[in-house]
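Undergrad: structure, please.
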Amino acid sequence: MQERRGSASVPVVVTFLLAGTFFLVLLSLSIGRYYVPVTKIPVILGKSLFSRFGWIISTTAIDPVMETVILNVRMPRILAALFVGAALSVAGCSYQALFRNPMVSPDILGASSGAGFGAAMAILLSFPLGLIQLSSFGFGLVAVALTWLIGSVVSRGNNATMVLVLTGMVVGSLFAAFISLTKYVADPYSKLPAITFWLMGGLTSIRLYDLFMALVPMLIGLLPLIALRWRLNVLAFGDEEARAMGINTRQLRFVIIICSTLLTSAAVSIAGMVGWVGLIIPHLARMLVGPDCRVLLPTSFLIGAAFMLGVDDIARCAFPMELPLGILTALVGAPFFIFLLLRGRKGWI
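TA: Below you'll find the model as predicted:
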């Protein structure tokens, strides 16, 4: 009955989420230290789009400062917030279905800790921003590859899921220790503040080039997960039932882990270590549309994108100084998760 009720409301929920996200994007383009009237935004965006084709759609003069703020500062940041929130939410939703555990988050296999160490090491070595992001992304992949390798050797086909989770915890702790070691040897007046600030998460220095570089692995990870989302429902019944239906569970698990790792590592590489998003957003989506992954993944995508954009707006507008995203997501996520625990709701997957 629960699934049927959630499925019946899916079109309404999706329509509401799309409309809410569109409104939030307009609001995000408007608000900030430099206010831009909402009525100016379509003109600025239209002029930028059609001028590439040599078309003139308006003769109204536009303040060049206003145009620069919208196109070069806020638009890249808004797009990055949308993609990061969506990527972390879909990765968390996939992992929760794969491991059949509502406490699982995208960093369960060590991707976030590995990506954080990659960025910290690159900052320590004075790498430019592009190489910092590349190092973060690469070490996120290395951490999960190490988890998979050790888990495969230890499990030998028995209790593979449980061994993989435990191995991920060990590898994550190992890279967290490497991060602490990197901070310990860093210059306390220059490198250490930069490493600390990056690890807390933020989109302050995001550029369109950075966004395009991260978008490629995000799409590579997202599209297979969307295409295979119905198979996540089969995995929820267990490996034996899935194999009885002709599904190669080991191969499917490998694909899901690779795709989720690409999403998580790409998100961390441009936004830092932003926690709680991949843990709480799938729960919220499940409350709205039910546990069917065919609709749960797209719903998590939309909610995660809107959530991260809203948090980023609060981070840059609500306080005199911009707050790191990791602090705000924890302040929102921890009380929400406590609320879920107090409700004692069962049967999430």
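Undergrad: tell me which element the residue nearest to the spatial centre of the chain falls in.
TA: Residue closest to the mean C-alpha point of the chain, counted by C-alpha atoms, centre = their mean, is Leu88 at 2.4 Å. Leu88 is part of helix 75-99, with elements assigned from DSSP states H and E.
Undergrad: leaving out sequence neighbours, find the closest residue to Ser152.
TA: Ala160 (7.7 Å; C-beta to C-beta, 6 or more residues apart in numbering). The C-beta positions use only the backbone N, C-alpha and C, and glycine is treated the same way.
Undergrad: hang on, Thr182 packs against Ala120?
TA: Yes. Shown here, Thr182 and Ala120 form a contact pair, counting by C-beta atoms under 8 Å, at 4.3 Å.
Undergrad: neighbour count: those two, which is higher?
TA: Between Thr182 and Ala120, counted using other C-beta atoms under 10 Å, the more crowded position is Ala120 (29 against 21).
Undergrad: now for Val36: which residues touch it?
TA: Val36 makes contacts with Leu29, Ser30, Ile44, Met66, Val69, Ile70, as judged by C-beta atoms under 8 Å, 6 or more residues apart in numbering.
Undergrad: about what we covered before: now for the helix or strand just after the helix holding Leu88, which elements pack on it?
TA: With elements assigned by DSSP H and E, the helix or strand that comes after helix 75-99 is helix 111-124. Contact here means 3 or more C-beta pairs under 8 Å, 6 or more residues apart in numbering; DSSP states H and E; on that basis helix 111-124 packs against helix 129-155, helix 160-185, helix 191-199, helix 249-271.
Undergrad: buried residues, the first one. List them.
TA: Same thing as helix 129-155. Across helix 129-155, burial judged by 16 or more other C-beta atoms under 10 Å covers 132-148, 150-152, 155.
Undergrad: helices or strands next to that helix in the packing?
TA: Applying 3+ C-beta pairs under 8 Å, 6+ apart, we find helix 129-155 packed against helix 111-124, helix 160-185, helix 208-227, helix 249-271.
Undergrad: in the protein, what helix or strand scores lowest on average pLDDT?
TA: Each helix and strand of the chain was given a mean pLDDT (mean pLDDT, DSSP states H and E); the minimum falls on helix 2-8 at a mean of 44.
Undergrad: what lies in contact with the helix or strand that comes right after it?
TA: Helices and strands here follow DSSP H and E; after helix 2-8, the next one along the chain is helix 10-30. For helix 10-30, contacts defined as C-beta under 8 Å, 6+ apart pick out 36-38, 41, 70, 74-75, 78, 81-82, 288-289, 295, 298-299, 302-303, 305-306, 309-310, 312-313.
Undergrad: mind listing what's buried along the helix or strand just after helix 10-30?
TA: Sequence-wise, the next helix or strand beyond helix 10-30 is helix 40-51, with elements assigned using DSSP H and E. Neighbour counts over helix 40-51 (16+ other C-beta under 10 Å) mark Lys40, Ile41, Val43, Ile44, Lys47 as buried.
Undergrad: gap between whatever helix or strand comes next after helix 40-51 and the chain center?
TA: As assigned by DSSP H and E, the chain's next helix or strand after helix 40-51 is helix 64-68. Here helix 64-68 is found 30 Å from its chain centre; the criterion is C-alpha atoms, centre = their mean, to the nearest Å.
Undergrad: now stretch 174-188
TA: Taking the mean of its C-alpha atoms, stretch 174-188 sits 24 Å from the chain's own mean (C-alpha atoms, centre = their mean).
Undergrad: repeat that for stretch 284-298.
TA: 17 Å.
Undergrad: equivalent analysis for stretch 35-43, please.
TA: A distance of 28 Å separates the centroid of the chain from that of stretch 35-43, by C-alpha atoms, centre = their mean.
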